[in-house]
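# Here is my input, please return the structure:
(one chain, ligands or ions: 2)
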Amino acid sequence: MALLSLIVPSYNEQQNIERTAKTLVSIMDEHQIDFEIVFVSDGSKDGTYEEILKASKADKRIKGAEFSRNFGKEAAIFAGLHLAVGDACVVLDCDLQHPPQIIPEMYKLWQEGYEVVEGVKKSRGKESIFHKMFAGMFYGIMSKMMKMDMRASSDFKLLDRKVVDVLLGLSEKNTFFRALSFWAGFKSTKIEYEVQEREIGSSKWSFRSLVKYAISNVTSFSTVPLQAVTFMGVLSIIFSLVLAVQTLVKYLMGTAVEGFTTVILLILIIGGFIMVSLGVIGHYIARIYEEVKGRPQFIIRCKTDNVEGYVKK
Ligand code: UDP
Ligand code: MG
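Ligands and ions are numbered 1, 2, ... in the order given. A predicted model of the protein is given here:
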């Protein structure tokens, strides 16, 4: 029978591990799906890993690992994909905001031959207006660049072993899981779900980490910001040509003394453009630098003893 791996990135989720494990086990057993659960503790500062160990001792189908420090959700997802041995993998949040009740439906679609089953949010759940606006902007830009509708996408999805192997074979360290499954292609379908409320604990994203996440994802999928620099350059050249003509005309007519305002404005505008452009270019150079160093995406400090066959790439 086919084995389904459930991958659960967990950061400071001490109170959620046991509940999540129980919920998943009961749903899988009820639908008679062969499964394993892979918890990846992302350098948690509370007893998350101890909870994982406990769950793993009680049920051999549960395994897990702990990072040496916090590497972020992306890293945790990829570590989970590395550790998983299933014929298909489902990634879901530890706080049960991704309703596990629809996993059996995803599984069914997979058995029908779909290689990617995307979980699509029906609504964004309860979020602050600020968060909604920011997320809206980010996904708007991402959708344009990816030429796909990313607005309702999430990390909740099922991937066939073939797709998982493609993702694991990528050499890049700065991954964006949500978009990579689109990028990989394959036969895919969607399944809608209602985002649940987080019952225990609080969201692990700060505004700062969200902004960092957004910028790093935009630059990892597109070079449009770099081309925008060229565009801004062309724009200011046209602008300066117009002003040059005006200045020359004034000079020839002998009325050229005034114009300090123009000079100041020009210096400010051009200076601003140049600094923004340098910043954009600098960001890409930083990304190249990071990738060239070739450091691992995550470091595993320890893992439960039923995790086997894991080879660090
Ligand atoms: N998470 C993680 N590493 C982090 C931040 C979050 O592994 O650095 C996990 C977290 O434990 C949870 C999932 O990612 O399982 C989603 O996080 P959260 O619920 O805080 O985000 P939100 O639902 O608010 O988007
Ligand atoms: Mg959550």
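# residues from this structure in reach of ligand 1?
Proximity of the chain to ligand 1 (CB under 6 Å from any ligand atom) is limited to residues 9-11, 13, 42, 70, 72-73, 76, 93-95, 97, 198, 203-205. The C-beta positions use only the backbone N, C-alpha and C, and glycine is treated the same way.
# mind redoing it with 5 Å?
For the chain, the contact set with ligand 1 under CB under 5 Å from any ligand atom comprises 9-11, 13, 42, 72-73, 76, 93-95, 203-204.
# What residues does the stretch 101-250 of the chain have near ligand 2?
With CB under 5 Å from the ion as the criterion, the stretch 101-250 of the chain meets ligand 2 at residues Arg198.
# For the stretch 101-250 of the chain, give me the ranges with low pLDDT.
Along the stretch 101-250 of the chain, the parts satisfying pLDDT under 70 run over 124-127, 146-149, 151-152.
# Please enumerate the helices of it.
In the stretch 101-250 of the chain, the helices defined using DSSP state H, counting those that start in this stretch lie at 103-111, 129-146, 161-169, 177-184, 207-221, 224-252.
# Could you provide the ones you listed in JSON lines, with additional columns for mean neighbour count?
Below are these laid out as JSON lines (neighbours: other CB atoms under 10 Å):
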{"stretch": "helix 103-111", "mean neighbour count": "18"}
{"stretch": "helix 129-146", "mean neighbour count": "14"}
{"stretch": "helix 161-169", "mean neighbour count": "16"}
{"stretch": "helix 177-184", "mean neighbour count": "19"}
{"stretch": "helix 207-221", "mean neighbour count": "15"}
{"stretch": "helix 224-252", "mean neighbour count": "12"}
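# what's the closest of these to Glu194?
Closest to Glu194 of the helices of the stretch 101-250 of the chain is helix 103-111 (CB to CB; 13.3 Å).
# For the closest one, output the C-alpha coordinates as CSV.
Written as CSV, here are the backbone C-alpha positions of helix 103-111 (Å, rounded to 0.1, in the frame of the first residue of the first chain):
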residue,chain,number,x,y,z
ILE,A,103,-6.2,15.2,3.7
PRO,A,104,-8.2,12.0,2.8
GLU,A,105,-9.7,14.0,-0.2
MET,A,106,-6.3,15.1,-1.3
TYR,A,107,-5.1,11.5,-1.0
LYS,A,108,-8.0,10.3,-3.1
LEU,A,109,-7.2,12.9,-5.8
TRP,A,110,-3.6,11.7,-5.7
GLN,A,111,-4.7,8.1,-6.2
